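Undergrad: Predicted model follows, preceded by the sequence.
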Amino acid sequence: MRVDGIRDEAVAEACDALLESLDVLLERLANRVESAPAAGSAEWKNQWSARESADGRERLRRHLLVKIAIATAARVDPTHDIEMARQAGIPEADIARASGRKTQRRAPRGNAGLTPTQTTLW
């Protein structure tokens, strides 16, 4: 037990509920930031039916990047939305900008990656 008198399963169930609530809240906040139409409205239905169009893909791109930006700013792990963005073909530079990180990290040069137990040959 992590906490005396509290079952680990109860903690896990509470964790699942929290994560689900965070996901729903993040979705709603991204819609608000984007001024998205109300779910079920005529405009929402039009956008839903056009989701495979160029405009629909652009809306998805922007929506995922907004979710990543909000999550990052709130210090919530955006890994799931980052993976979705990658699957949607969103460029890494756009994902990096939304998450507030640099686009590429340079690979270490020379012996920078060696641990003290490794022998340097030159």
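TA: Everything's here; your move.
Undergrad: does residue 59 really touch residue 47, like I thought?
TA: Yes: with contact defined as C-beta atoms under 8 Å, residue 59 counts as touching residue 47 (6.5 Å). For glycine as for every other residue, the C-beta is placed from the backbone atoms N, C-alpha and C.
Undergrad: Show me what the lengthiest helix in the chain is packed up against.
TA: Criterion DSSP state H: the longest helix present in the chain is helix 8-33. Using 3 or more C-beta pairs under 8 Å, 6 or more residues apart in numbering; DSSP states H and E, the elements in contact with helix 8-33 are helix 54-73.
Undergrad: The helix it packs on vs helix 8-33, what angle?
TA: Angle of helix 54-73 versus helix 8-33, following axes from the mean of the first three to the mean of the last three C-alpha atoms, to 10 degrees, is 130 degrees.
Undergrad: Past helix 54-73, which element shows up next along the chain?
TA: helix 79-87 (DSSP states H and E).
Undergrad: what does that following helix contact?
TA: Applying C-beta atoms under 8 Å, 6 or more residues apart in numbering, the contact partners of helix 79-87 are 23, 61, 64, 65, 67, 68, 71, 92, 94, 95, 99.
Undergrad: Please report how far the fifth one lies from residue 32.
TA: Using C-beta to C-beta, to the nearest Å, residue 67 is found at 12 Å from residue 32.
Undergrad: ok, those two, which is more surrounded?
TA: Shown here are residue 67 and residue 32; by other C-beta atoms under 10 Å, residue 67 has more neighbours (26 against 11).
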